[in-house]
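*Asks:* Coordinates for the following, if possible.
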Amino acid sequence: MRTLAGWCVRHRRLVLLIWAIVLIVSLGLLKTVGSDYSNSFSFPHTQSSDAIALLQASAPKVSGDTEQIVFATSDGVKVTDPAVESRITDMISKIEALPHVAPVTSPYSAAGANNINADQTVAFIPVTLNQQVQNLTQPEAKRFVDTATAAAGPHLQVAVAGQLAELADRQSIGGTLPGVILAFIVLGLIFGSLFAALLPIISALFALGTAIGLIGMLSHVLKMPQFSPELVLLIGLGVGVDYALFIVTRHRQGLVAGQPMENSIINAVNTSGRAVLFAGIIVCIALLGMFALGVSFLYGLAVAAAIGVLLTMISALTLLPGMLGFIGPKVMSRKQKRNLAENGPRIVGADSKGFWPRWADGIQRRPAMSALLALLVIVLLALPFFSLRLGSSDQGSDPVGTTTRTGYDLLAKGFGPGFNGPLELVSVVHSQADKDVIEKVATDVQHTPGVVDKPIVPIYFPSQTGDGSEVALMIAYPTTSPQDAATTNLIYHLRDEVIPNAVGDSGVKVLVGGDTAIFVDFAHVLSAKLPLFIALVVILSFILLSIVFRSFVIPLVGAAMNLLSIGAAFGILVAVVQWGYADPLFGINRTGPVEAFLPVMLFAILFGLSMDYQVFLVTRMHEEYLKSGDNKIAVRNGLAATGKTITAAALIMILVFGSFILGGLVVIKEFGIGLAGGILVDAVFIRMAVVPSIMMMLGKANWWFPKGLDRVLPHLSVEADDLATVPVAATVPADPDPELV
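*Replies:* Okay, here's the model as predicted:
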């Protein structure tokens, strides 16, 4: 690290040029080739995925998603009025002429008569596609929605609900610019220097710009969800600013201690930079651990987020030292320069001046009380976690005014909320006897509590398999909304009891599919694999930190505390999203389940970020322990020296993550709430109170490690090889280079 830092400082012009070229080339290539993000779900051996596969193989014309074009009239006009019928019929003809659209059943035909509500003010048109939405482009989606909504006119409102409409109506994420501005303000207040505040922002933006270009191009070869860039920006901005903050702070502390400029930069990278390196590795391990889940939807998301973290880490270790060399002593505040000139050098955190040294002294005097009070707060925040319900928010949670939200509201008003999440019952029939069984299934499902009592008419399509069979497709509407827990229970009830009882021993297999069933199965698959994922991430990080710190206790305490902070994050998320606490504050207009894949993503991200603070805190304590050999002094001085930096870094993270709540996407709001809440609990209560208190009480046991393992395992030191104090000078270091970034 010392060699790398020295080279970057001495060749800072070349380092800056290389980063600029990489950034420009990556964004230029992205602009040339474009991106190919798609929300592709693939989790085999579930009924919903089997239903899609069956339709794709046997009846490809109806194997895609189903959109619902909803239209409503007002001021006494009926949907059956000739003028309205003419406009809608003309629109249906144009929709059928679009690519990937199967023949459409008009609500004005005998087959579609039930798609007009009782007072004839709301009607809907189911439109089946021959492709899943992830295989269609946003321009195709917009063309579909624009064609449908063009039929609107006086007293006639038209909207589209469905996954394709969601793609066309993709909302702005917001948050990026406010996050940058808020981070800059906090850095300015902390550092008291414009240049010091700018450096972490510049370092993070160079890395994130490059990351967006790379993952955009990578989306052509690896399926990545459409919100991947947003997630990378959300994570990378917070992580990147934090990593740079750690190094800049250590550099400023070196200058305050009187170290020469270049030596201070090199020492900062060789100490805090090592902590950044290992912290970044742990974050990447946690993110890439999602491959263990075997869900392809998460593969691209994990790779995208890991690339963002990796590049911000590399930028902090290479570009940042170069920029520090450019600005020289301007990284210090005027107050620091004046104090250094008047009072001489001092070691930050070694004395009792300031809030954090006094805080560390308080922890040292009453470690048990400090730990108990902090743990009590954490447990109270985590209690709602036990009510966690996974699922998917439906389009009734979309912002007011979007076509999906309008379509949802019109359907719910005219027919009931369940019409926004139709269930598809799919089966293969080989004989008239099989068709008789299908008719019985349709009747039994229709009369099942929780299903709209509306005739379910099987539609038969000739199979493309060439064996003379047919594919039966039935549509059933729940009485409750897609995100309602009752709808999830209904799907399991149909699969486990109603349909098996109806088919008996006939051999006919009926699958329950559709978008709502897909999300139910998705939640079930992820919930089943989550324990394996958690165990894998915890074990790998435990092994790495045991090797790094030559301790069993420190990584064990770190992992346990991480799980506590993540539990508190989930508790906060449940309280806001499911229970509706402070919903207006966060812009969430309906209570509902937590997104199915959110626990996996939040665990990976929060576990990694929590380990960032653990590594940074304990690294400084370990440095002090190697110098003094006294555990209490090491814990006290390490906390006093890093408390301000860690809480400042956490504040930046909270503001960055919190700013993304301003975006329109519900899933990004949930990410912002969970991450901001988790970081708040982790930095304030766990790293500043619980961890140092426990380490105070454990004494030298913190640093125990079997000698046999110490000889066998490789040495991966987080500390610099030479921790000797650099001779101090009594004057402000001279500016080695007048150049400015």
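
*Asks:* At which residues are the helices of the stretch 101-250 of the chain located?
*Replies:* With DSSP state H, counting those that start in this stretch, the ranges of helices along the stretch 101-250 of the chain come out as 138-149, 163-168, 176-191, 194-218, 228-256.

*Asks:* Same question for the stretch 301-450 of the chain.
*Replies:* According to DSSP H, counting those that start in this stretch, the helices that the stretch 301-450 of the chain contains are 334-343, 355-365, 367-382, 403-414, 432-446.

*Asks:* who wins for proximity to residue 707 among those helices?
*Replies:* Closest approach to residue 707 among those is made by helix 367-382 (28.5 Å; Cβ to Cβ). All C-beta atoms are positioned from the backbone trio N, CA, C, and that covers glycine.

*Asks:* which residues are contacting the closest one?
*Replies:* Contacts of helix 367-382 with the rest of the structure, by Cβ atoms under 8 Å, 6 or more residues apart in numbering, involve 362-363, 564-565, 567-568, 570-572, 677, 681, 685-686, 689-690, 692-694, 696-697.

*Asks:* what do you get for stretch 149-156?
*Replies:* Applying Cβ under 8 Å, 6+ apart, the contact partners of stretch 149-156 are 71-75, 77, 84, 87-88, 90-91, 158-160, 403.

*Asks:* Whichever of the contacts of helix 367-382 end up buried, select them in PyMOL.
*Replies:* Selecting only the buried entries of those in PyMOL, with 16 or more other Cβ atoms under 10 Å as the criterion:
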select buried, resi 363+564+565+567+568+570+571+572+677+681+685+686+689+690+692+693+694+696
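
*Asks:* Inside helices: which ones of the contacts of helix 367-382?
*Replies:* 362-363, 564-565, 567-568, 570-572, 677, 692-694, 696-697 (DSSP state H).

*Asks:* now, the most widely separated pair of the residues you listed?
*Replies:* Pairwise distances across those peak at 30.1 Å for 362 and 570 (criterion: Cβ to Cβ).

*Asks:* still on that earlier bit, and of the contacts of stretch 149-156, the nearest to residue 426?
*Replies:* When the contacts of stretch 149-156 are compared for distance to residue 426 (Cβ to Cβ), residue 160 comes out closest, at 23.7 Å.

*Asks:* Would you mind identifying the next helix or strand past the worst-scoring helix or strand of the chain on mean pLDDT?
*Replies:* Every helix and strand in the chain was compared by mean pLDDT, DSSP states H and E; the lowest is helix 583-586, with a mean of 69. Sequence order places strand 594-595 as the next helix or strand after helix 583-586, per DSSP states H and E.

*Asks:* just to revisit the earlier point, to residue 452, which of the helices of the stretch 101-250 of the chain lies closest?
*Replies:* Across the helices of the stretch 101-250 of the chain, residue 452 has its closest neighbour in helix 163-168 (21.4 Å, Cβ to Cβ).

*Asks:* Report the rounded mean pLDDT for the closest one.
*Replies:* The average pLDDT within helix 163-168 is 83.

*Asks:* just stretch 6-24 next, same as before
*Replies:* Computed over stretch 6-24, the average pLDDT equals 93.

*Asks:* Ok, stretch 441-451 next?
*Replies:* Stretch 441-451 carries an average pLDDT of 95.

*Asks:* Give me the below-cutoff pLDDT ranges for the stretch 201-350 of the chain.
*Replies:* 346-350 (pLDDT under 70).

*Asks:* let's go with 90 and repeat that
*Replies:* 201, 204, 219-246, 248-264, 267-302, 305, 327-350 (pLDDT under 90).

*Asks:* For residue 600, list the residues it contacts.
*Replies:* So residue 600 contacts 290, 293, 298, 526, 530, 533 (Cβ under 8 Å, 6+ apart).

*Asks:* Between all of those, which two are separated the most?
*Replies:* Farthest pair in the contacts of residue 600 (Cβ to Cβ) is 298 and 530. Separation: 11.6 Å.

*Asks:* So these two - more neighbours on which side?
*Replies:* A direct count of neighbours by other Cβ atoms under 10 Å for residue 298 and residue 530 places residue 298 higher, at 23 against 15.
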